[in-house]
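1. below: sequence and its predicted model.
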Amino acid sequence: MRSRYFTALAVAVLLGSGMLVFAKPPAGSGSITGKVTYTGTPPKMKPIDMSKEPSCAKQHATPVLTENVATGPGNALQWVVVYISAGDQGSTAPSQAVRYDQKGCQYLPHVLPMQVDQGLQIYNDDQTSHNIHPLSKINAEWNKSQPPGSPAIDTKYDKPEFIPVKCNIHPWMHGYFIVLNTSHYAVSGEDGSFDIKGLPPGKYTVTAWQEQYPAQSQEVTISGSEAKTANFVFKVLPY
Amino acid sequence: MTLKKLAVTFALGSMALVTVGATSILAQSHVNSPDPSLGAPSVSSEESHIGNMTGHAGEGKQLYRRYCIGCHGPDGNGEGMNAQWIDPKPRDFTEATFKCRSTPTGTLPTDQDLYDAITRGFVTTNMPSWRPLTPQQRADLVAFVKTWSPRWTKGKAGAPLDIPAETPVTIESILHGRELFQKLECWKCHGPEGHGDGPSALTLTDDKGNPIRPYDFSSGSRFMCGTTNRDLYRIFMTGLDGSPMPSFADVVKPNEAWDLVHFLRTLQPLKTQEADLWMAYRAAHGADLKPIGPDAAPGGQ
């Protein structure tokens, strides 16, 4: 059910902003900032038992919590990807690769946005082998072992998609690759805030994606180098 | 019951029968129709090449209707009538993700890989060997299976893995393979003794979220993707896509891979050269062997 939802969402992204314009996009100085919060009672994040992997367990003074609904003070909601889903003029992927770490049997960061065709480097910083298994449906699915000390896995995705990532050896490890057709995106921090910079004037659809709850969109129009605000409120349930 | 009532009942009954018959004919013609939603529109032009043989999707489609549709379904998505009774679930061809490949993880298998899979069947699953079909028929089926996903028209199969000649079976090779079994965390799923009972075994799911079991070497059964040492080499180097089994091609060197093959053979209750060597070694040095498991892991307690 969930994966079907992701597929639908990813297809929407593809249709929405897939019409890449080959001319160099205008550089902008507009911005959209805001805060992602929740109403309702969020589910309690569970402590992860890493005792089966002592080399990881000893890296954490207190047990790591699950991150599917990560909250902060003031009803802040973390790990929400806010991105331009329509209205973006498109741009080529930056040459700088994004970095994904497996450290202390956790994925850092939990949610990693990137652009289509942008380099993705995956590191294993642990003393144990991981297998990195992104469960893509639109892009080709692969699954690779990465023992301690092996070189980074260098890869990229050529289609936009929201991809859950897991390690089958350490089943508590969960993360997301968010492959977008836009360079204008941000991830909400611990305080729920996000900041999308460098927007040229235009009419945009801004979408906020959270791994457990339905995505939300708002229309934002930027003229000149305006700084607009867009807040998102997710309705959460305690289960 | 009067005669009249009986006649009415009979008439209604036969109407119902005719309806059922017509529906099933309709359902079949649905598969046979040139409906573009059924496989790729270019069904008849799709081909497979296995050795000197050329398979044709048009012929394959008829065979699929006859032999495959019950499990793999009229839409090729593994949701045939029988699928609900089957575990592991039939392959969903629309995803074009295949376990048994000679090609790197994340790439399409070769026509030969698909042909071999149909020929061999999958041990411990409901997929039988289709050797009773002629080679040409199996080639036709390969061509048709490839019409279910656009990945086949857009992309090519990966480059088959280069497997070097097998190294000699020695006790050193087996012992080194055992070290790899520990270091690469094979035992986390397959278990310290290869019984498929490692600490993560019960948590495993395939890419559709269905529970899946790691291979139990002590069963002595054939492997999912073959029987020979070369098959075993290929299985862990390419990984079984769509399952939790990852590819080790980037992290295990060819010679080391043969060492791992030799050790894995000792986990099977079979009379093999590897098993003989290992039994003799264990009889003499068994007490010195560090058991496989968390305590032997680097960075462990």
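-> Looks like it arrived, so ask away. What you see is a predicted model, and the numbers here were worked out from it, not measured in a lab.
2. A:Thr221 belongs to a strand?
-> Yes. A:Thr221: assigned to a strand according to DSSP: H, G, I helix; E, B strand; the rest coil.
3. what number of residues lie near it?
-> 12 (other Cβ atoms under 10 Å in any protein chain shown). The way it works is simple: take the backbone N, C-alpha and C, and place the C-beta from them, glycine included.
4. likewise B:Ala83?
-> 18.
5. so who does it touch?
-> With contact set as Cβ atoms under 8 Å, 6 or more residues apart in numbering or on different chains, B:Ala83 has these partners: B:71, B:73, B:89-90.
6. those in helices, which ones?
-> B:Cys71 (DSSP state H).
7. list buried residues within the contacts of B:Ala83.
-> Among those, those buried by neighbour count (16 or more other Cβ atoms under 10 Å in any protein chain shown) are B:71, B:73, B:89-90.
8. identify the residues contacting the residue lying closest to B:Ser149 once chain neighbours are set aside.
-> Leaving aside its sequence neighbours, B:Ser149 sits nearest to B:Ala96 (Cβ to Cβ, 6 or more residues apart in numbering or on different chains; 3.7 Å). Listed by Cβ under 8 Å, 6+ apart, the contact partners of B:Ala96 are B:108, B:148-149, B:151-152.
9. what of A:Glu226?
-> Neighbours of A:Glu226 in contact, by Cβ under 8 Å, 6+ apart: A:30-31, A:201.
10. which one of the residues you listed is nearest to A:Gly149?
-> A:Ser31 (41.6 Å; Cβ to Cβ).
11. where does chain A dip in pLDDT?
-> Along chain A, the model assigns pLDDT under 70 to residues A:1-26.
12. alongside chain B, which residues does it contribute?
-> Applying Cβ under 8 Å from any Cβ of the partner chain, one finds that chain A approaches chain B through A:52-55, A:58, A:127-129, A:131-133, A:135, A:137, A:140-148, A:150, A:153, A:168-171.
13. buried only: go through those for me.
-> If we count by 16+ other Cβ under 10 Å, the residues of chain A next to chain B have these buried: A:52-55, A:127-129, A:131-133, A:135, A:137, A:140-148, A:150, A:153, A:168-171.
14. out of these, which are inside strands?
-> Counting by DSSP state E, the part of these found in strands is A:131-133, A:144-146, A:153.
15. I'd like those residues as CSV, with distance to B:Leu277 appended.
-> Below are these laid out as CSV (distance: Cβ to Cβ, whole Å):
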residue, distance to B:Leu277
A:Asn131, 30
A:Ile132, 35
A:His133, 35
A:Lys144, 31
A:Ser145, 27
A:Gln146, 31
A:Ile153, 35
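16. between these, which sits nearest B:Ile174?
-> Of all these, B:Ile174 sits closest to A:Ser145, with 20.7 Å by Cβ to Cβ.
17. surely that closest one is in contact with A:Ser129?
-> Yes. At 6.1 Å, A:Ser145 counts as touching A:Ser129 under the criterion of Cβ atoms under 8 Å.
18. which neighbours do these two share?
-> By Cβ under 8 Å, 6+ apart, the residues touching both A:Ser145 and A:Ser129 are B:184-185.
19. centroid residue for chain B?
-> B:Lys99 (4.5 Å; Cα atoms, centre = their mean).
20. Three-state assignment for that residue, please.
-> Secondary structure of B:Lys99, reduced to three states by three-state DSSP: coil.
21. B:Gln84 now?
-> Applying three-state DSSP: B:Gln84 is helix.
22. I'd like the next helix or strand past the strand or helix carrying B:Ile174.
-> For B:Ile174, the host element (DSSP states H and E) is helix B:171-183. Remark: after helix B:171-183, the chain's next helix or strand is helix B:187-190, criterion DSSP H and E.
23. touching chain A at all, the helix or strand just after that next one?
-> Counting by DSSP H and E, the element after helix B:187-190 in chain order, helix or strand, is helix B:229-238. No. Helix B:229-238 lies out of reach of chain A by Cβ under 8 Å from any Cβ, never closer than 8.6 Å.
24. now do the residue nearest to B:Glu46 when sequence neighbours are not counted against B:Arg138, distance only.
-> Closest residue to B:Glu46 apart from its sequence neighbours, by Cβ to Cβ, 6+ apart: B:Ala57 at 3.8 Å. Relative to B:Arg138, B:Ala57 is positioned 13 Å away (Cβ to Cβ, to the nearest Å).
25. over to A:Thr71?
-> According to Cβ to Cβ, A:Thr71 and B:Arg138 sit 56 Å apart.
26. next one: B:Cys68
-> With Cβ to Cβ as the criterion, B:Cys68 and B:Arg138 are 11 Å apart.
27. circling back to that earlier point, between the buried ones among the contacts of B:Ala83, which is closest to A:Met45?
-> The closest of those, once distances to A:Met45 are taken by Cβ to Cβ, is B:Lys89, at 31.7 Å.
28. related to what we said a few turns ago, need the pLDDT of the residue nearest to B:Glu46.
-> pLDDT, B:Ala57: 95.
29. if I pick A:Pro134, what's in contact with it?
-> A:Pro134 neighbours (Cβ under 8 Å, 6+ apart): A:141-142, A:163-165, A:177.
30. doesn't B:Tyr94 lie inside a helix?
-> Careful, residue B:94 is Thr and not Tyr. Yes. Assessed with three-state DSSP, B:Thr94 lies in a helix.
31. does it touch B:Asp75 like I think?
-> Yes. Look at B:Thr94 against B:Asp75 with Cβ under 8 Å: they come within range, at 7.3 Å.
32. show me what the strand of greatest length in chain A is packed against.
-> In chain A, with assignment by DSSP E, the single longest strand is strand A:30-40. Applying 3 or more Cβ pairs under 8 Å, 6 or more residues apart in numbering or on different chains; DSSP states H and E, we find strand A:30-40 packed against strand A:76-77, strand A:81-86, strand A:193-199, strand A:202-209, strand A:216-222, strand A:227-229, strand A:232-236.
33. buried residues in that strand?
-> A:30-38.
34. which two among those are spaced furthest apart?
-> Most distant of the buried residues of strand A:30-40, by Cβ to Cβ, are A:Gly30 and A:Tyr38, 27.3 Å apart.
35. so which bits of chain B are right by chain A?
-> Checking chain B against chain A by Cβ under 8 Å from any Cβ, the hits are B:95, B:97, B:104-107, B:151, B:155, B:183-185, B:188-189, B:199-200, B:203-204, B:207, B:239, B:241-248, B:250-251, B:294, B:297-301.
36. and those residues, which are buried?
-> B:95, B:97, B:104-107, B:151, B:183-185, B:188-189, B:199-200, B:204, B:207, B:239, B:241-248, B:250-251, B:294, B:297.
37. follow-up on the earlier one: so between A:Thr71 and B:Arg138, which is more surrounded?
-> B:Arg138 (24 against 18).
38. might one say that that one is in contact with B:Trp130?
-> Yes. Between B:Arg138 and B:Trp130 there is a contact at 6.0 Å, judged by Cβ under 8 Å.
39. overlap in contacts, the two.
-> B:118-119.
40. can you list the domain ranges for chain B.
-> B:43-154, B:171-296 (automatic domain parsing).
41. please identify which of the buried residues of strand A:30-40 is nearest to B:Ile118.
-> Nearest to B:Ile118 among those is A:Val36, at 50.1 Å by Cβ to Cβ.
42. for that closest one, list the residues it contacts.
-> A:76-78, A:80, A:82, A:188, A:192-194, A:208, A:210, A:231-234.
43. cool, A:Pro63 as well?
-> With Cβ under 8 Å, 6+ apart, A:Pro63 has these contacts: A:47-50.
44. and if you look at B:Leu161?
-> Contacts of B:Leu161 (Cβ under 8 Å, 6+ apart): B:102-104, B:234, B:237-238, B:249.
45. what's the answer for B:Tyr64, then?
-> So B:Tyr64 contacts B:72, B:141, B:144-145 (Cβ under 8 Å, 6+ apart).
46. could you dump these to JSON lines with distance to B:Arg222, neighbour count and pLDDT?
-> Rendered in JSON lines, the data for the contacts of B:Tyr64 read as follows (distance: Cβ to Cβ, whole Å; neighbours: other Cβ atoms under 10 Å in any protein chain shown; pLDDT from 0 to 100):
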{"residue": "B:His72", "distance to B:Arg222": "22", "neighbour count": "23", "pLDDT": "97"}
{"residue": "B:Leu141", "distance to B:Arg222": "22", "neighbour count": "26", "pLDDT": "97"}
{"residue": "B:Phe144", "distance to B:Arg222": "26", "neighbour count": "27", "pLDDT": "97"}
{"residue": "B:Val145", "distance to B:Arg222": "22", "neighbour count": "28", "pLDDT": "96"}
